[in-house]
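Colleague: I would like to see how this sequence folds:
(2 chains, ligands or ions: 1)
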Amino acid sequence: MKLLVCVSKTPETTSKIAFTAENTEFDTNGIQYIMNPYDEWYALVRALEIKEAIGGGSVTIVNVGPASNDTVIRKGLAIGADEAVRVDAEPKSSFFVASQIAAYAKEEGFDMIFLGKETIDYNGSEVGAMLAEMLDLPFISYATQLDIDGNNATIARDIEGGTEVVEVQTPFVISAAKGMAEQRIPNMRGIMMAKRKPLKVVPAVEANDPAVVVSYELPAAKSEVKMIDPENMDELVRLLHEEAKVI
Amino acid sequence: MVLVFVENQKGQFKKSAFEAVTYGNKMAALLGTGCEALVFGSSVENPGILGTYGAAKVHHVSDEQLNNFDSQVYATAIAQAAEKIGAGVVVLSHSSTGKSLLGRLAVKLNAGSVAGVNSLPNVEGGFKVRKNVFSGKAIAEYSINSDVKVLSLMGNSLQPEQNGAAAEVTGLSLDLPASKIKVKEVKTIDGEVPLPEAELVVSAGRGMKGPENWGIIEELAKTIGATTACSRPVADTGWRPHHEHVGQTGVAIRPNLYFAIGISGAIQHLAGVNRSKVIVVINKDPEAPFFKAADYGVCADLFDVVPRLTESLKKFKAN
Ligand SMILES: Cc1cc2nc3c(=O)[nH]c(=O)nc-3n(C[C@H](O)[C@H](O)[C@H](O)COP(=O)(O)OP(=O)(O)OC[C@H]3O[C@@H](n4cnc5c(N)ncnc54)[C@H](O)[C@@H]3O)c2cc1C
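Modeller: Numbers count the residues shown, from 1 in each chain, chains lettered A, B, ... in the order given. Next up is the predicted model:
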């Protein structure tokens, strides 16, 4: 089985978010980056587990981004992927990224393409659906469980207030949510081996997204917290009803 | 024309469906056009009711094949309907279904798309919408300049407004591809409002000490009809089910009222809940960071204060 895992680079979760150029650009000053947690913890690890269970095949990582993304890519190789491909361009938008991955994956004949359910920066969860459409493949999103038997996959996915179980045959695109796998910490051997694994850089194709960010804003600051006497819960209830009007 | 694709679960509409139609209707008014709704499946009950939320017409594709969700089949069907009806904007709910469809539709319709919008568009000299980014830590404004646009509407972004009459329902027949997915089973927990849609949420963290203590949380939630949630370590250690985990790497929510009980207020937790309208924090540590993000705070032992809060709420409900 040939497996592809799409990974993105996101600001570390404790990052303070700020903007520059009159609130039109994300301020990258002092920002530490990580691999998007859903991509790393769930999509990549499940792909590796499947390769291990089958006892063969390959796991390729693809990332759209500049050379500075190589550290994140190398981490994926250290966790266990066999090889990586980086499409050399700024990942401007979901449509741009999906177009790049589709252009690369089209000729490669992957059996399964994994993504995390969404990125923690732009929270779009659009790339998977776009990619599936561009490659004309089924797309199963928010998967919490994936079992493979030959070419048949049984997948559980999150839906509002419950779960759905579907069957589908390879090839398909799948986005991974919590439950799919457990985070793996790369060991020393993995880190050493990652340095020698192939990381191919390919040029971008043209793709213009008609939806673009024009400005950013930080949420309005909360007003001062009102402390309530712990002995007087009737007062809290009164305020929630009369002042906040939420009950 | 604004076309709203309205989801149903087992033939029933949920609040998010009425929010989407209300949103579509208000957008149509801004754009000086009409709003129509599209519904799928053979078991939809009373599709005409969407008229009362502002749909001038309801297009009903009653094919049984559409009783089960397959993003490939659904996207083909919505794209065909959008072309037949002449839709300039297609509105979806930002649900598991909507999120699986948005990107596909954008590609099919050569449309610009924005996922999880939370405001009506600014249509002065263009088309601009806003959404939360960085897991709620910021807001971005997008401009879309394609002829056709597709949007998914974040839950709880506006209140459904019902004031019109029932709409005329017309059948629509489409040319559907065969599905490559077989839906084996759909399990939903009845009688509980799913977290992303809940208006009232009672959430608890590691301060609870153990899963055996959750009775007071469930009792509080039951008293006001709230949905329960938890912090990540609570779900990770199996005290509570995974679907209750809220935050940057869990479910992002924006209820009207969020109770945070025995939760410290780590930045990753806040990211998923800080868009709640009102936040009440109960924590025994006066230095807990959550107090800075709260509207109301109670600094006390939760095991003492939560049962008394529940009593006060019961008294309030009885009046
Ligand atoms: C990459 C990454 C992603 C993450 N994503 C998330 C996420 O999505 N969601 C999330 O929640 N966390 C997330 N976390 C974890 C987060 O950093 C915190 O560790 C977590 O939120 C803490 O959970 P807690 O508040 O329940 O526990 P604690 O931090 O242990 O806080 C417990 C609180 O309970 C109070 N308390 C204890 N006993 C009592 C009592 N008797 N009465 C009243 N108060 C009491 C304490 O004062 C304390 O404030 C993430 C972390 C990382 C690194």
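
Colleague: is stretch B:98-113 up against chain A anywhere?
Modeller: Yes: judged by Cβ under 8 Å from any Cβ of the partner chain, stretch B:98-113 comes into contact with chain A through B:99-104, B:106-108, B:111-113. Heads up, the C-betas are built off the backbone N, CA and C, glycines and all.

Colleague: which parts of chain B sit against the ligand?
Modeller: Residues of chain B found near the ligand (Cβ under 6 Å from any ligand atom) are B:205-207, B:231-234, B:247-250, B:262-264, B:266, B:268-269, B:272, B:283-285, B:288, B:301-303.

Colleague: quick revisit: the residues of stretch B:98-113 next to chain A in strands, which ones?
Modeller: Here DSSP state E is the test, and the residues of stretch B:98-113 next to chain A give B:112-113 as lying in strands.

Colleague: what mean pLDDT does the longest strand anywhere in chain A get?
Modeller: Longest strand in chain A by number of residues (criterion: DSSP E): strand A:139-149. Strand A:139-149 shows a mean pLDDT of 97.

Colleague: that one close to chain B?
Modeller: Yes: on the criterion Cβ under 8 Å from any Cβ, strand A:139-149 is in touch with chain B at A:139-142, A:144.

Colleague: could you turn the buried ones of these into a PyMOL selection?
Modeller: Command for PyMOL that selects the buried part of the residues of strand A:139-149 next to chain B, burial taken from 16 or more other Cβ atoms under 10 Å in any protein chain shown:
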select buried, chain A and resi 139+140+141+142+144
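
Colleague: what's the domain layout of chain B?
Modeller: B:2-171, B:195-318 (automatic domain parsing).

Colleague: pipe these into JSON lines and attach mean neighbour count per row.
Modeller: JSON lines is the format used below for the domains of chain B (neighbours: other Cβ atoms under 10 Å in any protein chain shown):
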{"stretch": "domain B:2-171", "mean neighbour count": "21"}
{"stretch": "domain B:195-318", "mean neighbour count": "20"}
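
Colleague: can I get the ones you listed in JSON lines including distance to A:Leu77 and mean pLDDT?
Modeller: Shown next, in JSON lines, are the domains of chain B (distance: least, Cβ to Cβ, whole Å; pLDDT from 0 to 100):
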{"stretch": "domain B:2-171", "distance to A:Leu77": "27", "mean pLDDT": "96"}
{"stretch": "domain B:195-318", "distance to A:Leu77": "23", "mean pLDDT": "96"}
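
Colleague: may I see the ones you listed organised as CSV, with distance to A:Arg74 added?
Modeller: Below are the domains of chain B laid out as CSV (distance: least, Cβ to Cβ, whole Å):
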stretch, distance to A:Arg74
domain B:2-171, 25
domain B:195-318, 22
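
Colleague: who does the longest strand of chain A pair up with?
Modeller: Sheet pairing of strand A:139-149 (DSSP bridges) gives strand A:152-159 (antiparallel), strand A:172-176 (parallel).

Colleague: show me where the stretch 201-319 of chain B has helices.
Modeller: With helices called from DSSP state H, counting those that start in this stretch, the stretch 201-319 of chain B shows them at B:215-224, B:232-236, B:267-273, B:302-318.

Colleague: what are the contacting residues of the shortest one?
Modeller: When contacts are taken as Cβ atoms under 8 Å, 6 or more residues apart in numbering or on different chains, the neighbours of helix B:232-236 outside the stretch itself are A:178, B:204-206, B:208, B:240-242, B:244-245, B:247, B:249-250, B:268-269.

Colleague: what sits against the nearest residue to A:Lys222 once chain neighbours are set aside?
Modeller: Using Cβ to Cβ, 6 or more residues apart in numbering or on different chains and skipping the chain neighbours, the partner closest in space to A:Lys222 is B:Ala293 (6.0 Å). Counting by Cβ under 8 Å, 6+ apart, B:Ala293 touches A:222, B:265, B:270, B:274, B:279, B:281.

Colleague: let me know the closest of these to the ligand.
Modeller: Distance to the ligand across the contacts of B:Ala293 (Cβ to the nearest ligand atom) is lowest for B:Gly265, with 6.7 Å.

Colleague: let me see the contact set for the closest one.
Modeller: B:Gly265 sits next to B:281, B:283, B:288-293 when contact means Cβ under 8 Å, 6+ apart.

Colleague: what are the buried residues along stretch A:23-38?
Modeller: Within stretch A:23-38, judged by 16+ other Cβ under 10 Å, the buried ones are A:23, A:26, A:33-38.

Colleague: do a quick rundown of the helices in the stretch 1-150 of chain B.
Modeller: Ranges of helices within the stretch 1-150 of chain B are B:15-31, B:71-85, B:96-108, based on DSSP H, counting those that start in this stretch.

Colleague: could you dump those into TSV with distance to A:Ala132 added?
Modeller: Shown next, in TSV, are those (distance: least, Cβ to Cβ, whole Å):
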stretch	distance to A:Ala132
helix B:15-31	23
helix B:71-85	7
helix B:96-108	7
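
Colleague: next, B:Val193: phi, psi?
Modeller: phi -80, psi 120 (degrees, to the nearest 10).

Colleague: before we move on, back to that, for A:Asp88, which of the helices of the stretch 1-150 of chain B is the nearest?
Modeller: A:Asp88 lies closest, by Cβ to Cβ, to one member of those: helix B:96-108, at 23.0 Å.

Colleague: residues contacting the closest residue to the ligand within chain A?
Modeller: Proximity of chain A to the ligand (Cβ to the nearest ligand atom) peaks at A:Thr13, 4.1 Å away. Counting by Cβ under 8 Å, 6+ apart, A:Thr13 touches A:34, A:37, A:120, B:248-249, B:267-268, B:271.

Colleague: many thanks, I have nothing further to ask.
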